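Trainee: how would this look folded up:
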Amino acid sequence: MTNKSVKLEDVAKEAGVSKTTVSRVLNNRGYLSKQTVEKVHQAIEKLHYRPNVVARQLFRQSTHLVALIFPTVDDPFFAQLEAELEKRLAALRYGALMGNSQNNPEKERQYLKLLLNHQVDGLIVGAHNQGITEYQHTNLPIVSIERYMGNNIPIVTSDNYHGGELAVQRLLNDGCQHIIHTNYPSYQVSPNELRQQAYEDVLHRHGMKPITYQVSFDISEEAKKKVFRKMFREHPEVDGIFADNDTNASLIIRVGKEFNRHVPNDLKVVGFDGANITRMLSPELTTIQQPLPEMATKAIELLMAQIDGKPYQKTVKLPVRLINSTTA
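Mentor: Residues are numbered from 1 along each chain as shown. From the prediction side, this is the model:
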């Protein structure tokens, strides 16, 4: 093979990486491991490759933009997650384009088309709409956070089942005999289902009857309060509540006061998420904390592996922890 016939794909094949990775090594851009850089340089030296204009143009086809599609920044969990992702992308010299779908499928489709028109290098998605086939028909690298999108799309999730076990056991340890759970409606498929499954399994092991009230994520605060008022009217005996997120936990505590139920005297509440802003504004809330910084890091690692044509995990499950405070 002569110097003139050596092409970028030859170097990529020799190094066992993608052409994009070779271009990024040549241009010293983005996140690359020391091992990858060494393999590419060894292949270049072995093949006596000399970069040309065409090879450099291939690199310039990368926009160094990643699209983030999440329900809203009004929720502490998603607000912190987007901030964590943007910070880590910036460290890799990637920009972030954000779209907040409000869990509206049509709005999410519009965002997706807009973002694809900007020729982004990849997508990180955490919205909860089902059946958006556009995700299945794009060749772009995609990573999902806390959302099932398909067998071919990797997902980063926290250990929702164990989190549910920790929450319910905390309420049982407080002596609660009538524990109610709130969660997404069954048609909103998400890892939240594992929180409910854990709740049901733990109660069944203790001979208790599980009761779950369905609360859609994207309905108004007043609509959620109506569900919680119904819960207190229909089950005045309730003495423990495992809420599917911290926002609902806070609303439940407020609604409980309308029924002369006071936390933690005659009602115990455990939330789920543990975002920084929640811990700052409601430090009294006992909750299950998801590892948001680690979730962001893993999502970006999976995305970069796809961009670079490297092997990657299909599922990454990260541990949660119980934050003990005074509501339970």
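Trainee: okay, buried residues for the host helix or strand of residue 224 please.
Mentor: Using DSSP states H and E, residue 224 falls within helix 221-234. Neighbour counts over helix 221-234 (16 or more other CB atoms under 10 Å) mark 224, 227-228, 231-232 as buried. (Each C-beta comes from the backbone N, C-alpha and C, glycine too.)
Trainee: ditto for stretch 285-302
Mentor: 285-292, 295-302.
Trainee: which other helices and strands contact the helix or strand harbouring residue 24?
Mentor: Using DSSP H and E, residue 24 sits within helix 19-27. The contact analysis (3 or more CB pairs under 8 Å, 6 or more residues apart in numbering; DSSP states H and E) places helix 19-27 against helix 8-15, helix 34-47, helix 53-60.
Trainee: mark which of the buried residues of stretch 285-302 are part of strands, please.
Mentor: 286-289 (DSSP state E).
Trainee: show me how far the helix holding residue 24 is from its chain's centre.
Mentor: 29 Å (CA atoms, centre = their mean, to the nearest Å).
Trainee: likewise stretch 177-189?
Mentor: Distance, centroid of stretch 177-189 to centroid of chain: 20 Å (CA atoms, centre = their mean).
Trainee: then that stretch to PDB, C-alphas only?
Mentor: Taking Å, rounded to 0.1, in the frame of the first residue of the first chain, the C-alpha atoms of stretch 177-189 are listed here in PDB:
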ATOM      1  CA  GLN A 177     -50.000   0.400  58.400                       C
ATOM      2  CA  HIS A 178     -51.800   2.000  55.500                       C
ATOM      3  CA  ILE A 179     -49.400   3.000  52.800                       C
ATOM      4  CA  ILE A 180     -50.500   4.500  49.500                       C
ATOM      5  CA  HIS A 181     -48.300   5.100  46.400                       C
ATOM      6  CA  THR A 182     -48.600   7.600  43.600                       C
ATOM      7  CA  ASN A 183     -47.300   6.900  40.100                       C
ATOM      8  CA  TYR A 184     -47.700   7.600  36.400                       C
ATOM      9  CA  PRO A 185     -50.700   6.200  34.600                       C
ATOM     10  CA  SER A 186     -50.000   2.700  33.200                       C
ATOM     11  CA  TYR A 187     -50.000   4.000  29.600                       C
ATOM     12  CA  GLN A 188     -46.900   6.200  30.400                       C
ATOM     13  CA  VAL A 189     -44.300   3.400  30.100                       C
END
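Trainee: tell me which residues are up against it.
Mentor: With contact meaning CB atoms under 8 Å, 6 or more residues apart in numbering, stretch 177-189 is reached by 128, 130, 148, 168, 171-172, 190, 192-193, 195-196, 199, 203, 208, 210-217, 227-228, 231, 235, 237-244, 248, 252.
Trainee: columns pLDDT and distance to residue 257 on top of the buried residues of helix 221-234, output as JSON lines?
Mentor: Below are the buried residues of helix 221-234 laid out as JSON lines (pLDDT from 0 to 100; distance: CB to CB, whole Å):
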{"residue": "224", "pLDDT": "96", "distance to residue 257": "15"}
{"residue": "227", "pLDDT": "97", "distance to residue 257": "16"}
{"residue": "228", "pLDDT": "98", "distance to residue 257": "11"}
{"residue": "231", "pLDDT": "98", "distance to residue 257": "14"}
{"residue": "232", "pLDDT": "98", "distance to residue 257": "10"}
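Trainee: what's the closest of the buried residues of stretch 285-302 to residue 176?
Mentor: Checking those against residue 176 by CB to CB gives residue 286 as the nearest, at 12.2 Å.
Trainee: burial count for the closest residue to that closest one other than its chain neighbours?
Mentor: Nearest residue to residue 286 in three dimensions, chain neighbours excluded: residue 328, at 4.1 Å (CB to CB, 6 or more residues apart in numbering). When neighbours are counted by other CB atoms under 10 Å, residue 328 registers 25.
Trainee: residue 328 against residue 267, yeah?
Mentor: No: with contact defined as CB atoms under 8 Å, residue 328 does not count as touching residue 267 (9.3 Å).
Trainee: common neighbours of those two, please.
Mentor: By CB under 8 Å, 6+ apart, the residues touching both residue 328 and residue 267 are residue 240.
Trainee: quick one: residue 178 from residue 241, how far?
Mentor: Separation of residue 178 from residue 241 (CB to CB, to the nearest Å) stands at 10 Å.
Trainee: which of these two has more neighbours?
Mentor: residue 241 (32 against 15).
Trainee: sorry, back to before: got TSV for the ones in strands among the buried residues of stretch 285-302, with distance to residue 271 and pLDDT too?
Mentor: Below are these laid out as TSV (distance: CB to CB, whole Å; pLDDT from 0 to 100):
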residue	distance to residue 271	pLDDT
286	7	98
287	4	98
288	7	98
289	10	97
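Trainee: quick check, nearest of these to residue 92?
Mentor: residue 289 (26.0 Å).
Trainee: what is the closest one paired to in the beta sheet?
Mentor: residue 273, residue 321 (DSSP bridges).
Trainee: which residue is nearest the middle of this structure?
Mentor: The chain has residue 145 as the residue nearest its centroid, 2.6 Å off, counting by CA atoms, centre = their mean.
Trainee: list the contacts for that residue?
Mentor: Residue 145 touches 81, 124-126, 155-157, 295, 299, counting by CB under 8 Å, 6+ apart.
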